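1. okay, here's the prediction I keep looking at, along with the sequence it came from:
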Amino acid sequence: MNMNDVYERGLVLLGCGKMGSAMLQGWLNNGMPAASVWIMDPHPSDWVQGLVADGLHLNTDLPDAPAIVLVAVKPQMMGEALPALAPLGNGTTLFISVAAGTPMSFYEATLGSNTPVIRAMPNTPAAVLRGITALVGNGNTGEAELVLAETLLQAVGQTERLDSEVQIDAVTGVSGSGPAYVFLMIEALAAAGVEQGLDPDLAMRLAKATVGGAGKLAEMASEDPAQLRVNVTSPQGTTAAALEVLMDAETGLTPLMVRAVAASSDRSRELSK
């Protein structure tokens, strides 16, 4: 199976909220014809409705055997939405799920044990094509299916393959929920600047640019983040004074982050049961 199969047989998007829309925008930008896409969504955005004029199929009858069904509904909607697609199970249609908290066993139980299923965990920077998505397939998927899923998911950022579905919960704690931790850090950094006498708008602009720039540098530089940190830390200097607080073994950022990621990962495990 390859992208030509997708164009010919069709791609079904079950749910087209922010994540689904970000992916759809990426696919269309990369040359996917709107006529190859079927969207099932009870509350489509104005943008999605506007694509109908380009040939996109919205809430209409589905193809008999689409190449892919990408499931992007909220987990609480899953029990209602997925059973309607059971006729597509146990066949040649690949199901890719970007829904948090729904294990592959649920898809196999609902659609049939022979259904090829790939579970993926994207994150919200996908909206600006800077996402990172971890993915893993069940026993009915092979290299061709994984490559195809990667091709689709890379329309909104990077991808990483996992060894097993068990790792999804840890991925959720690191990259799935992780953008919120960074947003909180921006808020906190700006608030700290206000405490030191800066105008709130200036403090926020400084905080956003600093976190965004440091993230880009961490991705682009050949050195690892630990070395980048050392590079900007003069002995007895201003950065060293701040890091003494942030790197405290008991009250610093690392033990706090360990607890935060564990809490997110634990909640992901609970939701998957």
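-> On my side now, so go ahead. Numbers count the residues shown, from 1 in each chain.
2. which residues in the stretch 1-150 of the chain form strands?
-> Using DSSP state E, counting those that start in this stretch, the strands of the stretch 1-150 of the chain run over 11-14, 37-40, 57-58, 68-71, 94-97, 117-121, 131-137.
3. turn those strands into JSON lines, including mean neighbour count.
-> For every residue, glycine as well, the C-beta is placed using N, CA and C. Below are those laid out as JSON lines (neighbours: other Cβ atoms under 10 Å):
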{"stretch": "strand 11-14", "mean neighbour count": "24"}
{"stretch": "strand 37-40", "mean neighbour count": "23"}
{"stretch": "strand 57-58", "mean neighbour count": "18"}
{"stretch": "strand 68-71", "mean neighbour count": "25"}
{"stretch": "strand 94-97", "mean neighbour count": "26"}
{"stretch": "strand 117-121", "mean neighbour count": "25"}
{"stretch": "strand 131-137", "mean neighbour count": "23"}
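4. mind putting these in TSV, distance to S175 and mean pLDDT included?
-> Output for those, formatted as TSV (distance: least, Cβ to Cβ, whole Å; pLDDT from 0 to 100):
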stretch	distance to S175	mean pLDDT
strand 11-14	22	97
strand 37-40	26	96
strand 57-58	31	97
strand 68-71	19	97
strand 94-97	17	96
strand 117-121	7	97
strand 131-137	5	97
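5. just put the ones you listed in CSV and tack on distance to V182.
-> Compiled in CSV, these are given as follows (distance: least, Cβ to Cβ, whole Å):
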stretch, distance to V182
strand 11-14, 28
strand 37-40, 31
strand 57-58, 35
strand 68-71, 26
strand 94-97, 25
strand 117-121, 17
strand 131-137, 13
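6. what's the closest non-adjacent residue to the residue nearest to the spatial centre of the chain?
-> The centroid of the chain falls nearest to P122 when counting by Cα atoms, centre = their mean (1.3 Å). Of all residues not flanking P122 in the chain, T133 sits nearest, at 4.1 Å (Cβ to Cβ, 6 or more residues apart in numbering).
7. tell me what the one you found is bridged to.
-> T159 (DSSP bridges).
8. my read: it touches A126, true?
-> Yes. At 7.4 Å, T133 counts as touching A126 under the criterion of Cβ atoms under 8 Å.
9. which neighbours do the two share?
-> Shared contacts of T133 and A126 (Cβ atoms under 8 Å, 6 or more residues apart in numbering): 156-157.
10. can you tell me what sits against the worst-scoring helix or strand of the chain on mean pLDDT?
-> Least confident helix or strand of the chain, by mean pLDDT, DSSP states H and E, is helix 75-81 with a mean of 84. With contact meaning Cβ under 8 Å, 6+ apart, helix 75-81 is reached by 14-15, 40, 71, 73, 99-102, 106, 271.
11. what of stretch 167-183?
-> The set of residues external to stretch 167-183 that reach it, using Cβ under 8 Å, 6+ apart, is 100, 119, 121-125, 132, 134, 136, 162, 211, 215, 257, 260-266, 268-269, 272.
12. where exactly do the helices run in the stretch 151-273 of the chain?
-> Secondary structure of the stretch 151-273 of the chain (DSSP state H, counting those that start in this stretch): helices at 168-171, 178-195, 200-220, 225-231, 238-246, 253-272.
13. so who does A84 touch?
-> For A84, no residue meets the contact criterion (Cβ under 8 Å, 6+ apart).
14. if we ignore the residues flanking it in sequence, what's nearest T92?
-> Closest to T92 by Cβ to Cβ, 6+ apart is A65, at 5.9 Å.
15. distance of the nearest residue to S164 once chain neighbours are set aside from Q25?
-> Distance criterion Cβ to Cβ, 6+ apart; nearest residue to S164, sequence neighbours excluded, is V136 at 6.5 Å. Distance, V136 to Q25, by Cβ to Cβ, to the nearest Å: 25 Å.
16. which stretches of the stretch 101-250 of the chain have low pLDDT?
-> Within the stretch 101-250 of the chain, no range satisfies pLDDT under 70.
17. any idea how far apart the tips of stretch 128-145 sit?
-> 25 Å (Cα to Cα, to the nearest Å).
18. next, count neighbours for I186.
-> By other Cβ atoms under 10 Å, 17 other residues sit near I186.
19. ok, now which ones touch it?
-> Applying Cβ under 8 Å, 6+ apart, the residues near I186 are 204, 207-208, 211.
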